[in-house]
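>>> Structure for the following, please:
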Amino acid sequence: MIRGELGMLADAIVGAAVERASAGVIYAEPKRPEAQLVRALYRELAADERVGTPRTECGFLLPGWTRPPGGVDLSAGFTDGGSCVIEAKVGKPEEAIWDIIKLADILALDVTVTAAYLIYDATSKTWAKTDRATSLFTESEQLRSVRELIESSRQDWDWLLKGGRGIRPITCVAAVRITHIGSRDLPAHEGHELRVLRVAPDVSSDLQRFDMEGWPSD
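Numbering: from 1, shown residues only. Got it, this is the predicted structure:
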């Protein structure tokens, strides 16, 4: 559940940052596109008087994982209290399930985190694919079990487990609430669209457990 008025504030702050960042972000070699998107978001969050100094690559201890996954791309504290965490990707909607589970676990374990967001950019061709986790970015609001997320995109999860190099959940939140809060075109990159999801754990559900191979178990 998003945490009251601070959660509504987080939506407003992140939405404004995405609007401004999308107008100016330009992907230029040799830097990775994700790094340039994160930098644009960082710049806009830092310019908001409601936000303290943002941080990048912020690590969180998640005891239900074999070892802590990589840090979140951005963390921003609010001057009125609370904070948000953000994962940003360019052209990789298949990584959404991993990020959703990680962010939901962070929210479930850290009471100082008010809200969590996925800010993903992809082309219209990529968003149109039906064999990836792109459907998560289209519905206005959905409550999904972690088992359902993984089993509906088994190819994505299998690829993520291989790329995780032994990092994987052993137990995690059992269900997540995913809310689509906006989208923005990128004027500098025709056909690109940023889509923003808010992620929250369903705290009424029990934990989801995984087998030794990284797949949901009973």
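>>> Now tell me what touches the strand or helix carrying G77 from outside.
G77 is located in strand 72-77, with elements delineated by DSSP states H and E. Identification of contacts with strand 72-77 by Cβ atoms under 8 Å, 6 or more residues apart in numbering yields 13, 34, 38, 41-42, 45, 51-52, 54-58, 60, 83-88, 102-103, 106. C-beta coordinates here come from the backbone N, C-alpha and C atoms, glycine included.
>>> Which strands border it, and is each parallel or antiparallel?
Strand pairing for strand 72-77, determined by DSSP bridges: strand 55-58 (antiparallel), strand 83-90 (antiparallel).
>>> which is the next helix or strand following the last one?
Following strand 83-90 in sequence order, the next helix or strand is helix 96-109 (DSSP H and E).
>>> And the next helix or strand past that next one?
With secondary structure assigned by DSSP H and E, helix 96-109 is succeeded by strand 115-123.
>>> Quick one: list the elements packing against that following strand.
Where contact means 3 or more Cβ pairs under 8 Å, 6 or more residues apart in numbering; DSSP states H and E, strand 115-123 is packed against helix 4-24, helix 33-46, strand 83-90, helix 96-109, strand 192-201.
>>> thinking again about what came up before, list buried residues within the contacts of strand 72-77.
13, 34, 38, 41-42, 45, 51, 54-55, 58, 60, 83-88, 102-103, 106 (16 or more other Cβ atoms under 10 Å).
>>> what about R168, how many neighbours?
21 (other Cβ atoms under 10 Å).
>>> Need phi/psi at it.
Main-chain dihedrals, R168, degrees, to the nearest 10: phi -170, psi 160.
>>> distance of A108 from F60?
Distance, A108 to F60, using Cβ to Cβ, to the nearest Å: 11 Å.
>>> on that earlier part again, who wins for proximity to E213 among the helices and strands packed on strand 115-123?
When the helices and strands packed on strand 115-123 are compared by Cβ to Cβ, helix 96-109 sits nearest E213, at 15.5 Å.
>>> Give me the helices and strands touching the helix or strand L160 falls within, please.
Applying DSSP H and E as the criterion places L160 in helix 154-163. On a contact count with 3+ Cβ pairs under 8 Å, 6+ apart, helix 154-163 meets helix 96-109.
>>> got the buried residues for the helix it packs on?
96-108.
>>> Next, the angle strand 192-201 makes with that helix.
Angle, helix 96-109 to strand 192-201, by axes from the mean of the first three to the mean of the last three Cα atoms, to 10 degrees: 40 degrees.
>>> low pLDDT regions in the protein?
1-7, 131-132 (pLDDT under 70).
>>> change it to 80
1-8, 129-133, 139, 163-165, 218 (pLDDT under 80).
>>> Show me what the most centrally placed residue in it is bridged to.
By Cα atoms, centre = their mean, the chain has its centre lying nearest to L118, at 2.9 Å. Taking DSSP bridges as the rule, L118 bridges to E87, L197.
>>> do you know how far it is from G182?
For L118, the distance to G182 - Cβ to Cβ - is 12 Å.
>>> This completes my enquiry, with thanks.
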